[in-house]
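Q: Sequence and predicted structure are below.
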Amino acid sequence: MYKIKHFFQQSWLLIVTSFAFGLLIAVANARWSDEIEWNKTEKLNRLSGALLPEARLELYAEVEIELDKGKKREVKLREAVSRAGDRVGWTFEAAGSGFQDKIELVIALDKDLKTIVGYKVLSCNETPGFGDQIKDPYLREQFEDAPIGKFKPVKRGEGDPEKIDSEIVTITGATVSSEAVVNIFNAYVEKVKGKIEELVQKQKEQISDDKEG
Amino acid sequence: MTKKGETKAGLYKETLLAGLWRENPVFRLLLGMCPTLAVTAAVKPAFTMGCCVIFVLFCSNIVVSLMRNLLKPHLRILMFTLTIATFVTIADLYLKAFVPDMSETLGPYVPLIIVNCIIICRAEACASKNGLAVSIIDAVGMGIGFTLTLCLLAGVRELLATGAVCEIAILPLLKEDGWFVPWAAMSMPVGAFITLGLMLGLVNLLSKSKS
């Protein structure tokens, strides 16, 4: 009993202020979350547009994919449609742990789900000048037109960054961040491809059923 | 005005001016070096960082001063950190909501204000020992002193790195038929160290000649 009383005597101010400050942050977050979300969507559209220029993005489906270690994550699949109404590609958001914090990417796939169109960094808090080089063309261009599949990170000198294949040459000074990008691709791309194929197949069957009906 | 009033006014004035020169956080106390070196490649991010520090310093000094008599000595640093972290989170959310591009430019340096020594130093050295008025004036003085220093450093670096300040061309560039060749190194970390070193030397020189 004395221990509990002593604990509260010592720490009541800390407990009270923790609740008060938590409430303050919650109020600020609730007040500004719409603006933050809007900015994020606007950035997502801008980056997706840069990956698939002259295409309009439409939300195709929200699917749940199972990542490694049984983790599940909701993924918004966006279909890129040309002015003529033809499908030109797919985009989705993917995230994984970086060196310091979570890295969020927007990844674009081609319309036939055979190759990767590219990626852009949606958010990352990697060390400026080191880890944040994952935004630079050196790493991004190694993924462009690479066949969909598992990627393998290799150190400089062990692979050719100019060659488009499944080997990704990591950035010197940003090895962990480069590997994090590769891990995100490995965790998401094949599973997202499988989901898209499943959905497209279902859509085709539904259309043929409607025609027969 | 009474003598007591005069003394108080003098104290307020001295507290305000201390942050600007005598106890300038960057040039004299050498505190907050991380943002000083990291976000001073251009004036706009430096100014934004300065404004964030003013906001956090102002709010945390008020809170710490108000609860100074309730603080347990062994828990005080924990309380300071909790207070500072709250206001830094609010500043970070505000930037993300209304200045998203700047928030991205500043990146992790806004959350890192939590560990900025200036704020915890002022909470410990001033707000936890003084009343509300002195704490507020100290926060304003120190915050303005920090912001001005950051902007000065950023101004020199941006000018030498690009020939412009806040996108206003000042030095005619060689590629535009002028004479100035931009010093790329000034926008890199090495430029921050050199500029800060030279400025610290200059400040020391000025102080010596004054004394």
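A: Happy to help now that I have it.

Q: Quickly find the element holding the spatially most central residue of chain A.
A: Nearest to the geometric centre of chain A sits residue A:94, at 1.9 Å (Cα atoms, centre = their mean). Element membership for residue A:94, per DSSP states H and E: strand A:87-97.

Q: Can you point out the buried residues in the helix or strand that that strand is followed by?
A: As assigned by DSSP H and E, the chain's next helix or strand after strand A:87-97 is strand A:102-110. Residues of strand A:102-110 classed as buried by neighbour count (16 or more other Cβ atoms under 10 Å in any protein chain shown): A:103-110. The way it works is simple: take the backbone N, C-alpha and C, and place the C-beta from them, glycine included.

Q: Likewise for stretch B:121-139?
A: Neighbour count says stretch B:121-139 has B:121-123, B:126-128, B:130, B:134-139 buried, by 16+ other Cβ under 10 Å.

Q: Which pLDDT value does the model give the residue nearest in space to the middle of chain B?
A: The centre of chain B sits closest to residue B:146, judged by Cα atoms, centre = their mean, with a distance of 2.7 Å. pLDDT, residue B:146: 93.

Q: what does residue B:129 give?
A: Value listed for residue B:129 in the pLDDT field: 90.

Q: Which elements pack onto the worst-scoring helix or strand of chain A on mean pLDDT?
A: When the helices and strands of chain A are scored by mean pLDDT, DSSP states H and E, strand A:56-66 comes last with a mean of 87. Judged by 3 or more Cβ pairs under 8 Å, 6 or more residues apart in numbering or on different chains; DSSP states H and E, the packing partners of strand A:56-66 are helix A:2-51, strand A:72-81, helix A:175-212.

Q: can you state the direction angle for the shortest one and helix A:175-212?
A: Meaning strand A:72-81. 70 degrees (axes from the mean of the first three to the mean of the last three Cα atoms, to 10 degrees).

Q: from the middle of its chain, how far away would strand A:72-81 be?
A: 10 Å (Cα atoms, centre = their mean, to the nearest Å).

Q: Pull up the residues of chain B that are close to chain A.
A: Within chain B, the positions near chain A by Cβ under 8 Å from any Cβ of the partner chain are B:38, B:67, B:70-72, B:75, B:78-79, B:82-83, B:85-86, B:89-90, B:93-94, B:96-98, B:100, B:104, B:107-108, B:111, B:189.

Q: mind redoing it with 7 Å?
A: Applying Cβ under 7 Å from any Cβ of the partner chain, we find that chain B lies next to chain A at B:38, B:67, B:70, B:72, B:75, B:78-79, B:82, B:86, B:89-90, B:93-94, B:96-98, B:100, B:107-108, B:189.

Q: In ChimeraX, how would I select just the buried ones from the residues you listed?
A: Of these, the buried ones can be selected in ChimeraX as follows, counting by 16+ other Cβ under 10 Å:
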select /B:38,67,79,82,86,89,90,93,94,96,97,100,107,108
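
Q: Narrow the residues of chain B next to chain A to those in helices?
A: Among the residues of chain B next to chain A, the residues falling in helices (DSSP state H) are B:38, B:78-79, B:82, B:86, B:89-90, B:93-94, B:96-98, B:100, B:189.

Q: quick check, stretch A:20-31 touching chain B?
A: Yes: judged by Cβ under 7 Å from any Cβ, stretch A:20-31 comes into contact with chain B through A:21, A:24-25, A:28-29.

Q: what does the lowest-mean-pLDDT helix or strand in chain B contact?
A: The helix or strand of chain B with the lowest confidence, counting by mean pLDDT, DSSP H and E, is helix B:3-17 at a mean of 77. Contacts with helix B:3-17, where a contact means Cβ atoms under 7 Å, 6 or more residues apart in numbering or on different chains, come from B:133-134, B:137-138, B:140-141.

Q: change it to 6 Å
A: By Cβ atoms under 6 Å, 6 or more residues apart in numbering or on different chains, the surrounding residues in contact with helix B:3-17 are B:134, B:137-138, B:141.

Q: Would you mind listing the buried residues in it?
A: B:12, B:15-16.

Q: Looking at those, which one is closest to residue A:17?
A: residue B:15 (25.7 Å; Cβ to Cβ).

Q: of all the residues of stretch A:20-31 next to chain B, which comes closest to chain B?
A: residue A:21 (4.0 Å; Cβ to the nearest Cβ).

Q: Could you list the low-pLDDT ranges of the chain?
A: I'll assume chain A. Flagging of chain A using pLDDT under 70 yields the residue ranges A:213.

Q: I was after chain B.
A: For chain B, applying pLDDT under 70 flags the ranges B:1-6, B:211.

Q: That concludes my questions; thank you for your assistance.
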